[in-house]
Structure formats: C-alpha cells, structure tokens
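Asks: predicted model and sequence follow; I will ask about them next.
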Amino acid sequence: KSVIQLKDISKSYSTDENETKVLSHVTLNIHEGEFVCIMGPSGCGKTTLLNIAGLLDVPSNGNVLFQGEEVSKASSKRRAELRRSNIGFVFQSFNLIDDLTVFENIELPLVYQHVSPNERKFRVDKIMDRLQLSHKKNAFPTHISGGLQQRVAVARAVVSQPKLILADEPTGNLDSERGREVMEMLTNLNELGTTILMVTHSTAASDYASRVIHLFDGQIVTENLNKGK
Ligand code: ADP
Ligand code: ADP
C-alpha cells in the first residue's frame with residue numbers, strides 16, 4: 001500500500017526574467033512502513049521534493065496522491081487537514097517555539113487537532129517518557145542542549161501518531177553521538193509502523209534507511225535498497 005505517490009512531477013519557479021526548473025519528471029512511490037532516504041548535492045531539489053511529499057507545496061505538473069487521494073490540485077485547506085492528521089515534521093533547525101516549555105511544544109500538534117486537555121496530557125507524558133524527556137518537561141528550548149532539542153522536535157512530530165514522518169536533515173546540527181540517538185529514535189518509530197521519508201547529506205544517517213534515492217539536478221538518478229534493512 002502506498003502512502004505517497006509522486007507521478008511524473010515537475011516543479012519550476014518563475015520570476016520576471018527567467019524560470020528555474022527545480023524538479024523534472026520525478027516519479028516516486030513511498031509504501032507503508034518504508035524508511036526512504038533522499039540524498040544529493042545542495043540545490044538539487046531535495047527540500048522542494050520533501051515539501052511536495054509533505055503537502056506543504058504543490059508541483060507545477062504531475063500528480064501527487066496521498067493514501068490514494070489526488071492532492072496536487074486540492075485546496076490548501078484540504079492539504080492542511082491531511083497534514084495535521086497524518087504527517088509529522090522534523091527539521092534540522094528544530095523549529096521549536098522558544099517561549100513555550102518542552103511540554104507545551106510537544107503538545108502543540110494536539111492543540112491544533114482539538115484534542116482534549118486531559119488526553120493531551122496523557123499523550124505528551126507518554127511520549128516524553130518514551131523519549132526520556134520527562135525531566136525537561138518545564139524547561140524552555142533555549143535552555144537545553146541541541147541533542148535534547150532535536151529529541152523534543154521528534155516527540156512533537158510523533159505525538160499525534162502520524163502515519164508519515166518527514167525529516168529534513170534531522171541530524172544536521174548534531175554531533176555524531178546525538179545524531180546516532182536521533183536516527184535510532186526514528187528507526188524505532190519505523191519499526192513500530194511509521195513510514196519515514198528523510199532528506200540528508202549524511203551517509204551515517206542514510207545507513208538507517210531501507211531505500212536510498214539519489215537526486216541530481218532535479219531528477220532521480222539512482223535508487224538502492226539497503227541490504228539487511
Ligand atoms: P536542496 O534541498 O537539494 O538544497 P532545494 O529544493 O532547497 O534544494 O532548492 C532547489 C533549487 O530551487 C535551488 O536552486 C533553489 O534556489 C531553488 N528554489 C527553492 N525554493 C525556491 C523559491 N521559493 N523560489 C525560487 N527558487 C527556489
Ligand atoms: P494553517 O495555516 O491552516 O493553520 P499550517 O500550514 O500552518 O496550517 O499547519 C498545518 C500543519 O503543517 C502543521 O502541523 C504544521 O506543523 C505543518 N507546517 C505548516 N507549515 C510548515 C512549514 N513551513 N514547515 C513545516 N511544517 C509546516
């Protein structure tokens with residue numbers, strides 16, 4: 001079963017003077033339970049591809065199906081709805097809100113989903129316990145280490161039990177030990193059934209994926225299955 005299908009998508013940005021083609025005829029099928037990694041040099045279109053797969057952006061041409069539903073021409077409201085209930089995002093820059101506590105940051109997606117306060121507390125406590133964050137519950141993001149901040153970002157991405165996690169350079173700002181911790185967290189979530197699509201430069205990170213896709217100048221050039229994964 002497919003979670004995301006990109007069918008012959010292209011993406012261009014145009015200004016008054018010229019048009020930049022960022023993605024060209026990309027076809028990609030992400031199956032339920034997969035851990036897919038996209039690699040490629042800076043500027044090759046990785047983030048653009050991730051944004052389209054995450055329903056944050058739409059292609060100029062081609063089709064995007066989310067769980068079988070055609071979304072490339074859906075309203076931004078419908079896309080936001082699908083995102084909210086199905087997709088968790090993890091970024092290199094963590095994207096935590098500085099004046100909310102760790103608890104409140106993790107709680108945020110559930111607030112957006114109108115989950116009741118009691119249920120929110122139950123779910124946030126549970127995920128904090130699982131990711132060993134409980135002792136930092138009332139701390140503010142700027143007062144904890146980068147490794148812990150990324151752990152909070154992962155907790156926030158998974159607290160609503162999304163079907164799909166999109167991760168853009170999740171280890172980009174971490175040393176190798178903290179990076180390994182984050183990758184092990186993602187692997188663990190994948191083993192519990194969450195589909196993961198990740199973009200990275202790091203071969204240490206891509207080793208955790210079950211499929212590695214190389215993008216070059218907006219096109220998929222190679223696809224490899226990771227043996228033993
Ligand atoms: P990567 O993530 O692989 O570094 P990106 O997807 O961020 O690549 O960007 C690919 C290309 O698209 C870059 O040349 C970038 O400058 C261009 N680009 C990205 N977003 C926009 C935008 N909103 N407007 C114009 N050009 C953009
Ligand atoms: P709305 O504007 O309708 O409230 P948003 O697009 O702000 O909807 O948010 C919907 C979901 O998409 C949220 O869960 C949010 O985390 C995610 N999201 C929105 N914009 C971005 C972005 N630029 N980067 C990452 N995630 C985003």
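Replies: Yes, it's here. Worth saying up front: this structure is predicted, and the values here are computed from it rather than measured. Ligands and ions are numbered 1, 2, ... in the order given.
Asks: let me see the contact set for residue 181.
Replies: By C-beta atoms under 8 Å, 6 or more residues apart in numbering, the contact list for residue 181 reads 147, 151. For every residue, glycine as well, the C-beta is placed using N, CA and C.
Asks: ok, now how distant is residue 77 from residue 52?
Replies: 17 Å (C-beta to C-beta, to the nearest Å).
Asks: compare neighbour counts for these two and give me the winner.
Replies: Neighbours per residue (other C-beta atoms under 10 Å) separate residue 77 from residue 52, with residue 52 holding more: 24 against 8.
Asks: point me to the helix or strand that includes the more buried one.
Replies: Per DSSP states H and E, residue 52 falls inside helix 46-53.
Asks: does any bit of that helix sit next to ligand 1?
Replies: Yes. Under the criterion of C-beta under 6 Å from any ligand atom, ligand 1 is reached by helix 46-53 at 46, 47, 48.
Asks: count the neighbours of the second one for me.
Replies: Read it as residue 47. Residue 47 has 18 neighbours, counted by other C-beta under 10 Å.
Asks: would you mind confirming that it makes contact with residue 166?
Replies: No. In this structure, residue 47 is not within contact of residue 166 by C-beta atoms under 8 Å, at 10.4 Å.
Asks: list the buried residues for stretch 120-139?
Replies: The neighbour-count check on stretch 120-139 (16 or more other C-beta atoms under 10 Å) flags 120, 123, 124, 127, 128, 131, 133, 136 as buried.
Asks: let me fix that, I meant to ask about stretch 195-205.
Replies: By neighbour count with 16+ other C-beta under 10 Å, stretch 195-205 contains the buried residues 195, 196, 197, 198, 199, 200, 202, 205.
Asks: from those, which ones fall inside helices?
Replies: residue 205 (DSSP state H).
Asks: adding distance to residue 219 and pLDDT, write the buried residues of stretch 195-205 out as JSON lines.
Replies: Formatted as JSON lines, the buried residues of stretch 195-205 follow (distance: C-beta to C-beta, whole Å; pLDDT from 0 to 100):
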{"residue": "195", "distance to residue 219": "23", "pLDDT": "97"}
{"residue": "196", "distance to residue 219": "23", "pLDDT": "96"}
{"residue": "197", "distance to residue 219": "18", "pLDDT": "97"}
{"residue": "198", "distance to residue 219": "19", "pLDDT": "95"}
{"residue": "199", "distance to residue 219": "16", "pLDDT": "95"}
{"residue": "200", "distance to residue 219": "19", "pLDDT": "92"}
{"residue": "202", "distance to residue 219": "22", "pLDDT": "87"}
{"residue": "205", "distance to residue 219": "22", "pLDDT": "88"}
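Asks: which of the buried residues of stretch 195-205 sit farthest apart?
Replies: Within these, 195 and 202 form the most distant pair, 20.4 Å apart (C-beta to C-beta).
Asks: with distance to residue 41 as extra columns, can I get the buried residues of stretch 195-205 in a markdown table?
Replies: Shown next, in a markdown table, are the buried residues of stretch 195-205 (distance: C-beta to C-beta, whole Å):
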| residue | distance to residue 41 |
| --- | --- |
| 195 | 26 |
| 196 | 22 |
| 197 | 19 |
| 198 | 16 |
| 199 | 12 |
| 200 | 12 |
| 202 | 13 |
| 205 | 16 |
